[in-house]
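Enquirer: the following comprises the amino acid sequence and a computationally predicted model.
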Amino acid sequence: MTAQVREIALLGEPVLRKIASLVTVDTTKQAMQTANDLLVSLEGTNGVGLAAPQIFESLRMMVVASKPTKRYPTAPQMEPIIMINPNFTPLSNDMEKDWEGCLSIPGIRGKVPRYRSIGIDFTDLAGQRIEMELTGFVARIFQHEYDHLEGLVYLDRIENNQDIISEAVFLNL
Ligand code: NI
């Protein structure tokens with residue numbers, strides 16, 4: 001199985017608006033290929049996560065790969081984690097608004113409210129069910145990628161159009 005850098009689906013592609021299917025024994029092989037393709041497709045971008053629908057695979061799987069960025073210099077550097085059939089529950093109603101971008105929506109950034117602290121579970125590549133608690137930036141990445149599995153993008157969560165700005169302006173904030 002060779003991993004391929006895949007084309008990224010851009011906003012307007014119907015695959016980004018579908019509810020993705022659970023990975024099952026019947027789709028395990030497709031899921032393994034998709035996992036490898038997600039990892040190599042994210043490499044070499046400035047992204048910190050990628051969901052399967054963004055590479056035209058309507059499966060419930062995603063990669064979370066926090067790393068320090070200009071906006072989040074203290075973000076943890078982590079090995080990319082492939083999460084299969086992920087779920088989450090907020091650990092409190094506490095939300096915070098901060099900037100997000102998306103490889104499927106080039107050129108802009110938006111301020112998005114997200115739960116600050118969440119409990120998650122997912123199946124890893126070895127087939128183990130994993131439970132974790134996430135806070136802050138990594139919790140934000142998770143919720144952004146999870147939305148892609150539900151046919152949502154971050155623009156759907158923006159409270160005010162004035163919270164959307166061009167990436168060029170964002171990079172000079
Ligand atoms: Ni995205």
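Expert: Here it is on my side, so go on. Owing to the predicted nature of the structure, the values given are computational and were not obtained by experimental measurement.

Enquirer: show me where pLDDT drops low in the protein?
Expert: By pLDDT under 70, the chain contains no weakly predicted segment.

Enquirer: which strands and helices sit next to the longest strand anywhere in it?
Expert: Using DSSP state E, we find that the single longest strand of the chain is strand 81-90. With contacts defined as 3 or more C-beta pairs under 8 Å, 6 or more residues apart in numbering; DSSP states H and E, strand 81-90 has these neighbours: helix 28-42, strand 61-64, strand 117-123, helix 136-149. Placement of C-beta: from N, CA and C, glycine included.

Enquirer: deepest-packed of those, please.
Expert: strand 61-64 (a mean of 26; mean count of other C-beta atoms under 10 Å).

Enquirer: centre-most residue in this protein?
Expert: By C-alpha atoms, centre = their mean, the chain has its centre lying nearest to Glu145, at 2.3 Å.

Enquirer: Thr45 - nearest residue in space that isn't next to it in sequence?
Expert: Spatial nearest neighbour of Thr45, excluding adjacent residues (C-beta to C-beta, 6 or more residues apart in numbering): Leu103 at 6.0 Å.

Enquirer: much appreciated, bye for now.
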